[in-house]
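Participant: Have a look at this fold, sequence not included:
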């Protein structure tokens, strides 16, 4: 977040989480904040499939948050994609 805009960015991201909760293809969508850098945020996202990702990316509420990035963020977001291999959730279900 830009210095002094941390609370504003956090509020927008928290609101986004509430909206994503209604997406049936969103399996996990967790917002984190770095304990040592108040303006650094991280999302862990997991979707049912690529169609669910495409649906998420096309939502007006995500577009709204992305439109706020130049105003509220000091740097551009970094998006990395990974394929899940194993999780404790899966092991606990066995």
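Facilitator: Now that the structure is in, tell me what you want to look at. This is a predicted model, so every value here is computed, not measured.
Participant: Tell me the first helix or strand C-terminal of the helix ranked longest in the chain.
Facilitator: Using DSSP state H, we find that the single longest helix of the chain is helix 6-20. Per DSSP states H and E, the first helix or strand lying C-terminal to helix 6-20 is strand 26-33.
Participant: can you list the residues that contact that following strand?
Facilitator: For strand 26-33, contacts defined as Cβ atoms under 8 Å, 6 or more residues apart in numbering pick out 10, 13-14, 16-17, 20-21, 40-48, 52, 56. C-beta coordinates here come from the backbone N, C-alpha and C atoms, glycine included.
Participant: Recalculate using a threshold of 7 Å.
Facilitator: Contact with strand 26-33 is made by 10, 13-14, 17, 20, 40-48, 52, 56, as judged by Cβ atoms under 7 Å, 6 or more residues apart in numbering.
Participant: So among the residues you listed, which ones count as buried?
Facilitator: 10, 13, 20, 41, 47, 52, 56 (16 or more other Cβ atoms under 10 Å).
Participant: If you average pLDDT per helix and strand, which one of this structure comes out bottom?
Facilitator: helix 88-93 (a mean of 89; mean pLDDT, DSSP states H and E).
Participant: Okay, and the residue nearest to residue 16 when sequence neighbours are not counted sits in which element?
Facilitator: What sits nearest to residue 16 in space, not counting adjacent residues and going by Cβ to Cβ, 6 or more residues apart in numbering, is residue 65, at 5.1 Å. Assigned by DSSP H and E, residue 65 belongs to helix 60-72.
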